[in-house]
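**Student:** Sequence and predicted structure are below.
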Amino acid sequence: MTTPATTGTAGHHLLAALDQAGLAYRIDPWPGALAEIIATDEPGNVFIIPAPGGSEVRITDDEGITTYPPNEHCGWVALHYAQASDDVEQSVVYRSSCTDVDADSALAAKAIAEFMASRSTQ
């Protein structure tokens, strides 16, 4: 899969925060990759972080898009999926309505890292 460019987007800030937290991820270029989000025709990016046991955490905004200008940021949502192969959400890892993309990205990355740490001890 080709990794979509994130430069100049809110997704770039998220990418930097995930890197800073030491989280491995891949970027899915298709919109609507979260089960509760309606797929749109707009280009979207969903960051997918592998979790223990074949599960994963997916993070994007409420519309399944990260490729918008940082000043339009309205919050991230990170959902845990018990099986990476399906779209059945198991739990909310992080959700916010924070408009500060840097602060929100850092908080989201921290929440995901803490979630991963708690899963690896189970």
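**Tutor:** It's in.

**Student:** next helix or strand past the longest strand seen in the chain?
**Tutor:** The longest strand of the chain (DSSP state E) is strand 89-95. Downstream of strand 89-95, the first helix or strand assigned by DSSP states H and E is helix 101-120.

**Student:** helices or strands up against that following helix?
**Tutor:** Contacting helix 101-120 under the criterion 3 or more Cβ pairs under 8 Å, 6 or more residues apart in numbering; DSSP states H and E are the following elements: helix 10-20, strand 56-60, strand 77-81, strand 89-95. Yep, even glycine has a C-beta here, placed from its N, CA and C like the rest.

**Student:** what packs against the third one?
**Tutor:** In terms of contacts (3+ Cβ pairs under 8 Å, 6+ apart), strand 77-81 is packed against strand 56-60, strand 89-95, helix 101-120.

**Student:** again, but for the second one
**Tutor:** Taking 3+ Cβ pairs under 8 Å, 6+ apart as contact, the helices and strands that strand 56-60 lies on are strand 46-50, strand 77-81, strand 89-95, helix 101-120.

**Student:** I'd like the ones you listed as a markdown table, with mean pLDDT appended.
**Tutor:** Formatted as a markdown table, these follow (pLDDT from 0 to 100):
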| stretch | mean pLDDT |
| --- | --- |
| strand 46-50 | 91 |
| strand 77-81 | 93 |
| strand 89-95 | 89 |
| helix 101-120 | 95 |
